[in-house]
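Colleague: here are the coordinates; sequence isn't available:
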């Protein structure tokens, strides 16, 4: 059985890093050598929602489930890990090499708040599926402010 490491957090801890990642994602298509981070490749992701849950599917072939790190916050998900390079054949040479290897990372915003305690994962045939129940919106409370007596 494969396992996926899951870390839950309520607040993003490194906003500066997230800004650099956003700039890198915008500039990477124009200049592939431009990089702030050690990221080498990004898995493709599908996200869909039903009335009660959000489902995230990430395409991450060639990695054992234990090599995938997953961090979940109520509105974001971060998937990272490392895919080892395939050993070259002893005879022959590459004519085309498109399968990326090395460190990967992908952070995505979720379309609704989720209850992180309900996270269920499944890793099968290179696809990581994450199911999260939507959290029930909290009621807005109106609180009356009592003035302090001068004194």
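Modeller: Noted; the coordinates are in hand. Please read these numbers as outputs of a predicted model, since none were measured by experiment.

Colleague: can you map out the helices along the protein?
Modeller: Listed in chain order, the helices of the chain (DSSP state H) span 15-27.

Colleague: kindly list the single helix or strand of it that scores lowest on mean pLDDT.
Modeller: One helix or strand of the chain scores below all others by mean pLDDT, DSSP states H and E: helix 15-27, with a mean of 62.

Colleague: could you list the low-pLDDT ranges of this protein?
Modeller: By pLDDT under 70, the weakly predicted segments of the chain are 1-39, 138-139, 151.

Colleague: gap between the most centrally placed residue in the chain and residue 130?
Modeller: The centre of the chain sits closest to residue 78, judged by Cα atoms, centre = their mean, with a distance of 2.2 Å. Distance, residue 78 to residue 130, using Cβ to Cβ, to the nearest Å: 11 Å. (C-beta placed from N, C-alpha, C; glycine too.)

Colleague: shared neighbours of these two, which are they?
Modeller: Both residue 78 and residue 130 are in contact with 70, 72, where contact means Cβ atoms under 8 Å, 6 or more residues apart in numbering.

Colleague: if I read this right, residue 103 contacts residue 85, doesn't it?
Modeller: No: using Cβ atoms under 8 Å, residue 103 makes no contact with residue 85, being 11.6 Å away.

Colleague: quick check: the closest residue to residue 61 other than its chain neighbours vs residue 99, distance?
Modeller: Spatial nearest neighbour of residue 61, excluding adjacent residues (Cβ to Cβ, 6 or more residues apart in numbering): residue 126 at 3.2 Å. Residue 126 is 12 Å from residue 99, where distance means Cβ to Cβ.

Colleague: what residues do those two have in common as contacts?
Modeller: By the contact definition Cβ under 8 Å, 6+ apart, residue 126 and residue 99 are jointly contacted by residue 62.
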